[in-house]
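In: I would like the atomic coordinates for the input below:
(one chain, ligands or ions: 2)
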Amino acid sequence: MSIDFEFRKLVMDHHIGSDLIKYCYQCSRCADNCPVTRVSFDFYGTSGYNPRSNILNALLGYKDAIFDADPLVIWGCTVCDTCDEVCPQNIELTEIFTFLKNESVKKGNAPEYLIEQAKAICDSAKAIPSQPAIERRREQLGLPSIVAPNVEEVQTLFKNIGSDKYLD
Ligand code: SF4
Ligand code: SF4
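Out: Ligands and ions are numbered 1, 2, ... in the order given. Sure, this is the predicted structure:
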């Protein structure tokens, strides 16, 4: 495992709060409270999702341990923000994890299902396509019909943030 100093600097620059090296003392409170860690450890044992390890590898510049590993290492995080709330050192873990996810997309390493989901949102402005069954159920429940989203607006947003080029 080699240290990538440039990657390490990018992680540091990305952290919008305090000095990561100085303040993350690997107490594991983030992992102890992460719901994904709890569930994935049941399935995969110690190779389950672990935010504490991610922070450590990012801090040390162990880029390979993050990007060459199972996609779960990065994409397991559901951004529930629990770790941010419980970290005694106020480390913004989810900011760093978002940075790691964006880097993974730029490298073309994002899982296929995520790209497909992003494509669906870009094409229809909906994460879940409409289905007649859903509309019928809403009607039965006395709920109003779903207002059609503005697809053009969503596509402009994708273009403006530069995400459209990663969808092909
Ligand atoms: S809870 Fe905070 S200080 Fe503790 S290991 Fe996680 S990131 Fe580091
Ligand atoms: S934000 Fe991600 S890493 Fe943090 S507790 Fe939630 S799932 Fe776990």
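
In: Up against ligand 1, what does the chain have?
Out: Taking C-beta under 6 Å from any ligand atom as the criterion, the chain approaches ligand 1 at residues 24-30, 52, 55, 87, 89, 91, 93. Backbone N, C-alpha and C define where each C-beta goes, glycine included.

In: Tell me which two in those residues are the farthest apart.
Out: Tyr25 and Leu93 (13.9 Å; C-beta to C-beta).

In: higher neighbour count, these two?
Out: More crowded of Tyr25 and Leu93, by other C-beta atoms under 10 Å: Leu93, with 26 against 8.

In: Does Val11 touch Leu59 like I think?
Out: Yes - using C-beta atoms under 8 Å, Val11 is in contact with Leu59, at 7.0 Å.

In: ok, those two, which is more surrounded?
Out: The neighbour comparison of Val11 against Leu59 (other C-beta under 10 Å) goes to Val11, with 24 against 17.

In: Could you check what's spatially nearest to that one, not counting adjacent residues?
Out: Of all residues not flanking Val11 in the chain, Ala58 sits nearest, at 4.6 Å (C-beta to C-beta, 6 or more residues apart in numbering).

In: count of neighbours near the one you found?
Out: The burial count assigned to Ala58 is 26, neighbours taken as other C-beta under 10 Å.
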